[in-house]
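**Student:** My questions concern the predicted model and sequence given below.
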Amino acid sequence: MRDLYYKVKRNHEKVFERIFNETLNFLKENVDGFINAKLYRVSTTLQDA
């Protein structure tokens, strides 16, 4: 298993999540042996917590 981390520009989170989910669906439907991927968010301010 390999972890990949990406820093997403502020206010671009929704676009990133949409494309991530579209890519995830494609992989699940078309790649033999692909099981799953997860998207995690890191809270950077008290307001995000």
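**Tutor:** Structure received. Numbering: from 1, shown residues only.
**Student:** Provide a list of residue ranges in the protein with pLDDT below threshold.
**Tutor:** Applying pLDDT under 70 to the chain flags residues 1, 44-49.
**Student:** so who does the residue positioned nearest the centre of it touch?
**Tutor:** Nearest to the geometric centre of the chain sits residue 39, at 3.6 Å (Cα atoms, centre = their mean). For residue 39, the contact set (Cβ atoms under 8 Å, 6 or more residues apart in numbering) comprises 17, 20. All C-beta atoms are positioned from the backbone trio N, CA, C, and that covers glycine.
**Student:** Try it again at 6 Å.
**Tutor:** residue 20 (Cβ atoms under 6 Å, 6 or more residues apart in numbering).
**Student:** What residues of the helix or strand harbouring residue 25 count as buried?
**Tutor:** Applying DSSP states H and E as the criterion places residue 25 in helix 13-30. Residues of helix 13-30 classed as buried: none (neighbour count, 16 or more other Cβ atoms under 10 Å).
**Student:** Alpha carbons only: can I get it in CSV?
**Tutor:** Only the C-alpha atoms of helix 13-30 are listed here, as CSV (Å, rounded to 0.1, in the frame of the first residue of the first chain):
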residue,chain,number,x,y,z
GLU,A,13,-11.5,21.5,-2.4
LYS,A,14,-14.9,20.7,-4.0
VAL,A,15,-13.4,20.5,-7.5
PHE,A,16,-10.6,18.2,-6.2
GLU,A,17,-13.1,16.0,-4.4
ARG,A,18,-15.3,15.7,-7.5
ILE,A,19,-12.5,14.7,-9.7
PHE,A,20,-11.1,12.3,-7.1
ASN,A,21,-14.5,10.6,-6.8
GLU,A,22,-14.9,10.4,-10.6
THR,A,23,-11.4,8.8,-10.9
LEU,A,24,-12.1,6.4,-8.0
ASN,A,25,-15.3,5.2,-9.7
PHE,A,26,-13.4,4.7,-13.0
LEU,A,27,-10.7,2.7,-11.3
LYS,A,28,-13.3,0.5,-9.5
GLU,A,29,-15.1,-0.3,-12.7
ASN,A,30,-12.1,-0.7,-15.0
